[in-house]
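**Q** structure of the sequence below:
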Amino acid sequence: MKNKKTIISVVIIIVAIILISQSTFIVNEKQQVVITQFGKPVGEAITVSGLKFKTPFVQKVNYFEKRYMEWDGDPNQIPTKDKKFIFVDTYARWQITDPLQFFKRLTNERGAHSRLDDILDGETRDYVANHNIEEAVRNSNRTPISSGTLSEMIGDSLMVINVGREKIQDMILKTANEQANELGIEILDFRFKRINYVEEVREQVYERMKSERFRIADKFRSEGQGEASKINGEKERELKKIQSNAFRRAEEIKGKADAKAASIYASAYDKSAMSRNLYSFMKSMETLRNTSDSTTSIIISTDSELYKYLKKMN
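**A** Numbers count the residues shown, from 1 in each chain. Okay, the predicted model is just below:
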């Protein structure tokens, strides 16, 4: 009898444990829950963490992430508005904002990823196809930092960007959220992870870049040669001008010196006979000193002025 009571007590305890485990569940901070009964949702979604209760065996707990989740798109080959193909690889971050609506429309995360593939890939294709390749690749207009002819030429060759990659991403995000809100989710961020040219377009871009740089280099080189010729011409003109002025100035100085010397000679001869004799004597002595030394023999005639002076000295 005692053993029978023990068995009954153990059975009751086991049944109680099973009932408690089936009627309670825990929701942590990272989770949100939708309760279903025979496959249909019952009541509102549970988004507050803690110990919760449900009808045992009849109701089922469906857990969903409350944290941000990632979506990684497949690289797609997309034509742009100017008929050029590019590979576009995208990614996004999303979150379940209405678990009940999410469960009704998508059931689980696998269904959500499949639907996001349709929404984001479709919007990406539409927006890229409505813009030129420069709008998808570049984010804004580029202004050359350095000044000068080359910078101006490069700036003129760049296409003006009216939209840009960042605005295209924002437009895709906004349009995609208009569809995602009906599914109980919100797309928090959308970005182009990588954009690359297909091989044919890549070759065209490289050739265009090379031809553009060659054109800029040729024009810059021709302008440099023209400027060099101008500088050389100015140099030659200035050099001839300086030489001409220098020659004229030298001739003027020579003329003034000759005139001054002639004036001095004339004034010397215009003085008294004694002065003229002294002058002649000094000039003769100077000539003798400059033209002879102790080893020099001089043969002069008796009519020479120098002979007269030497004879008087004896």
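
**Q** which residues of the chain fall in strands?
**A** Applying DSSP state E to the chain gives strands spanning 24-27, 31-37, 40-46, 50-53, 59-65, 69-72, 76-79, 85-96, 185-197.

**Q** can I get those in JSON lines with mean pLDDT and distance to Lys256?
**A** In this view, the C-beta of every residue, glycine as well, is placed from N, C-alpha and C. Converted to JSON lines, the strands of the chain look like this (pLDDT from 0 to 100; distance: least, Cβ to Cβ, whole Å):
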{"stretch": "strand 24-27", "mean pLDDT": "87", "distance to Lys256": "116"}
{"stretch": "strand 31-37", "mean pLDDT": "92", "distance to Lys256": "111"}
{"stretch": "strand 40-46", "mean pLDDT": "88", "distance to Lys256": "114"}
{"stretch": "strand 50-53", "mean pLDDT": "86", "distance to Lys256": "117"}
{"stretch": "strand 59-65", "mean pLDDT": "91", "distance to Lys256": "107"}
{"stretch": "strand 69-72", "mean pLDDT": "94", "distance to Lys256": "96"}
{"stretch": "strand 76-79", "mean pLDDT": "87", "distance to Lys256": "89"}
{"stretch": "strand 85-96", "mean pLDDT": "92", "distance to Lys256": "85"}
{"stretch": "strand 185-197", "mean pLDDT": "91", "distance to Lys256": "81"}
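
**Q** closest one to Glu178 among the ones you listed?
**A** Glu178 lies closest, by Cβ to Cβ, to one member of these: strand 185-197, at 10.0 Å.

**Q** now that closest one: buried residues?
**A** Buried positions in strand 185-197, judged by neighbour count with 16 or more other Cβ atoms under 10 Å: 185, 187, 190, 192, 195, 197.

**Q** same check, this time on stretch 172-182
**A** Within stretch 172-182, the residues scored as buried using 16+ other Cβ under 10 Å are 172-173, 175-177, 179-180.

**Q** got any ranges where the stretch 51-200 of the chain has weak pLDDT?
**A** Low-confidence segments of the stretch 51-200 of the chain (pLDDT under 70): 141-159.

**Q** if I look at the spatially closest residue to Met69 that is not a sequence neighbour, how far off is Ser114?
**A** Leaving aside its chain neighbours, Met69 sits nearest to Trp94 (5.7 Å; criterion: Cβ to Cβ, 6 or more residues apart in numbering). Using Cβ to Cβ, to the nearest Å, one obtains 13 Å as the distance from Trp94 to Ser114.

**Q** quick one: which of these two has more around it?
**A** Taking neighbours as other Cβ atoms under 10 Å, Trp94 and Ser114 compare with Trp94 leading, 23 against 10.

**Q** how close does the more buried one sit to Phe190?
**A** Distance, Trp94 to Phe190, using Cβ to Cβ: 9 Å.

**Q** for Ile96, same thing?
**A** Using Cβ to Cβ, Ile96 is found at 17 Å from Phe190.

**Q** contacting residues for the closest residue to Tyr63 other than its chain neighbours?
**A** Counting by Cβ to Cβ, 6+ apart, Gln31 is the residue found nearest to Tyr63 once chain neighbours are left out, at 5.1 Å. Contact analysis of Gln31 by Cβ atoms under 8 Å, 6 or more residues apart in numbering lists 49, 63-66.

**Q** report the beta-bridge partner residues of Gln31.
**A** Taking DSSP bridges as the rule, Gln31 bridges to Glu65.

**Q** domain map for this protein?
**A** Domain segmentation of the chain under automatic domain parsing yields 2-65, 69-197, 277-290+298-314.

**Q** point out the most buried one among those domains.
**A** Mean neighbour count (mean count of other Cβ atoms under 10 Å) peaks for domain 69-197 among the domains of the chain, with a mean of 16.

**Q** span of it from start to end?
**A** 29 Å (Cα to Cα, to the nearest Å).

**Q** what of stretch 63-80?
**A** From its first residue to its last, stretch 63-80 covers 42 Å (Cα to Cα).

**Q** can you check stretch 76-84 too?
**A** Start-to-end span of stretch 76-84 (Cα to Cα) is 13 Å.
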